[in-house]
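**Student:** sequence first, then the predicted structure:
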Amino acid sequence: MDTLWFGYLQTTVGVIQLLGGPLFGRFADIFGARMALATSCLASVMYFLLLGFTNSVPLLFIHKLPAVFMHILPGAQMVVTDLTEPEKRTDALGKLGLCFGIGMITGSSLGGFLSTHYGESFAAFVGAGGSLLSTVLVISFIPKHTKKQPGAQEHVDKKAKAGSVFNLSEIARLMKFPGVAKIFAVKITSGVPQGAFQVMFSIITMNFFQLQAAQTGYLLAYFGVVQMVIQGAVIGRMTSMYSESNLLLLSIGVASIVGVAQALMSNVIEFCFIVIPMMFSLCTFNVITDSMLTKSVPSSDTGTMLGLCASVQSLMRTVGPTIGGFLYQNYGVSSFGYIQLVVNTLLLVYLMKSGISKREEH
């Protein structure tokens, strides 16, 4: 597969998950978080089985179709959101990110080993087996009804009788709750510069940093370790000392500083130092905005809201290659940093003027 078709494939996945995120969240609110997470695991089983049998470009596109319901992280976030008290939610979501980070590093290493020694098809079939095991664990250990707030389950039961997964008006309705549209717009706007940098990262490591494949692997492993430390040991402590609004402002402010550093960096050693504040900003921003948005809607709608949050990442994967490719080709790597500086500085000024820090006083 050449670069052009690879780009089409990546865009296809982004569009599929962009459309599937809100529908998956709506599905969770109607049928329960356990059912949604189990469905996501089963979609992963189908995904890996199709991948194992793929031997042509058309099949490579077809095997991506189950990705419409492959939202395992948002599904797990829905369960955690339902089972935790609002004041402990941010810390719990951070710990969940730590667990997924460990899984990603372990899975990537295992997948590389299996692909090298036994072939890519065998690795795909092992992935299908692992996803099937995850389905069994979800059904066995997660309660059928996860929404603990008074009256929430009754509201869900009414939705199951009268609602529809494809009811777009019910999904759009969440934007009318106080503060939701503002935080969601901030989440998208701040995510564009970082998303563009992330989708171009493989090209940047090869052309700008001049790294070999093995060296890039070490760099990505370093990313994972930093992310796990921040999500597991830093975010929880900070949420106990500072309000979510102040942490949101802090993450956006740090992102602005990171933008300056990215614009001025000249080698991979400098970038390794930048990674620490960059991951702090990114992890804190994602966890805080997810937590704030789920607290801004009724408990019976938290699944749909998390589905919408997941669609933001898919949106970045869809438009990121176009934006990132244009910036990189015409203005170089430094342009990513300058764009991030400008966007996040403007967001910081806007949020401070709008008085978001007073949000939790009401």
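**Tutor:** That came through, no problem.

**Student:** what's the burial count for the nearest residue to residue 181 once chain neighbours are set aside?
**Tutor:** With C-beta to C-beta, 6 or more residues apart in numbering as the criterion, residue 181 has its nearest non-adjacent residue at 4.8 Å, and that residue is residue 175. Just so you know, the C-beta spots here come from the backbone N, C-alpha and C atoms, and that holds for glycine as well. Neighbourhood size, residue 175 [other C-beta atoms under 10 Å]: 14.

**Student:** now do residue 336
**Tutor:** Neighbour count for residue 336, taken as other C-beta under 10 Å: 25.

**Student:** and what of residue 19?
**Tutor:** Residue 19 has 13 neighbours, counted by other C-beta under 10 Å.

**Student:** what distance do you get for it to residue 188?
**Tutor:** Distance from residue 19 to residue 188, counting by C-beta to C-beta, to the nearest Å: 16 Å.

**Student:** check contacts around the nearest residue to residue 323 once chain neighbours are set aside.
**Tutor:** Ranked by C-beta to C-beta, 6+ apart and with sequence neighbours excluded, the top spatial neighbour of residue 323 is residue 196, at 4.5 Å. The neighbours of residue 196, taking C-beta atoms under 8 Å, 6 or more residues apart in numbering as the test, are 316, 320, 323-324, 327, 336, 339.

**Student:** looking at those residues, spot the one nearest residue 264.
**Tutor:** Residue 264 lies nearest to residue 336 out of the contacts of residue 196, by C-beta to C-beta, at 11.9 Å.

**Student:** now that closest one. Nearest residue, chain neighbours left out?
**Tutor:** Excluding the flanking residues, the one nearest residue 336 by C-beta to C-beta, 6+ apart is residue 197, at 4.4 Å.

**Student:** sorry, back to before: quick check on the contacts of residue 196: which are buried?
**Tutor:** Listed as buried from the contacts of residue 196 are 316, 320, 323-324, 327, 336, 339; burial here means 16 or more other C-beta atoms under 10 Å.

**Student:** reformat those residues as a markdown table; add secondary structure and pLDDT.
**Tutor:** Below are those laid out as a markdown table (DSSP: H, G, I helix; E, B strand; the rest coil; pLDDT from 0 to 100):
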| residue | secondary structure | pLDDT |
| --- | --- | --- |
| 316 | helix | 81 |
| 320 | helix | 79 |
| 323 | helix | 85 |
| 324 | helix | 85 |
| 327 | helix | 87 |
| 336 | helix | 93 |
| 339 | helix | 94 |
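
**Student:** circling back: surely the residue nearest to residue 336 is in contact with residue 262?
**Tutor:** Yes - between residue 197 and residue 262 there is a contact under C-beta atoms under 8 Å: 7.4 Å.

**Student:** what segments of the stretch 201-350 of the chain are helices?
**Tutor:** Counting by DSSP state H, counting those that start in this stretch, the stretch 201-350 of the chain has helices at residues 201-207, 213-229, 235-241, 244-264, 268-295, 302-331, 334-353.

**Student:** identify whichever of those lies nearest to residue 53.
**Tutor:** Comparing the helices of the stretch 201-350 of the chain by their distance to residue 53 (C-beta to C-beta), the top pick is helix 302-331, with 25.0 Å.

**Student:** please identify the buried residues of that closest one?
**Tutor:** Buried residues in helix 302-331, counted by 16+ other C-beta under 10 Å: 302-321, 323-324, 327-328.

**Student:** show me what that helix packs onto, helices and strands only.
**Tutor:** helix 3-31, helix 72-83, helix 168-172, helix 180-199, helix 268-295, helix 334-353 (3 or more C-beta pairs under 8 Å, 6 or more residues apart in numbering; DSSP states H and E).

**Student:** between the first one and helix 72-83, how big is the angle?
**Tutor:** Okay, so that is helix 3-31. For helix 3-31 against helix 72-83, the angle by axes from the mean of the first three to the mean of the last three C-alpha atoms, to 10 degrees is 20 degrees.

**Student:** helices and strands around helix 3-31, which ones?
**Tutor:** Packing contacts for helix 3-31, counted by 3+ C-beta pairs under 8 Å, 6+ apart, involve helix 33-53, helix 57-62, helix 72-83, helix 152-162, helix 168-172, helix 302-331.

**Student:** who wins for proximity to residue 232 among those?
**Tutor:** helix 72-83 (14.4 Å).

**Student:** distance from the chain centre to that closest one, please.
**Tutor:** 12 Å (C-alpha atoms, centre = their mean, to the nearest Å).

**Student:** that helix - what's its average pLDDT?
**Tutor:** Mean pLDDT, helix 72-83: 88.

**Student:** counting contacts, what elements does it pack onto?
**Tutor:** helix 3-31, helix 33-53, helix 89-118, helix 302-331.

**Student:** ok so, going back, turn the helices of the stretch 201-350 of the chain into a markdown table, including distance to residue 14.
**Tutor:** Below are those laid out as a markdown table (distance: least, C-beta to C-beta, whole Å):
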| stretch | distance to residue 14 |
| --- | --- |
| helix 201-207 | 16 |
| helix 213-229 | 20 |
| helix 235-241 | 27 |
| helix 244-264 | 22 |
| helix 268-295 | 18 |
| helix 302-331 | 4 |
| helix 334-353 | 19 |
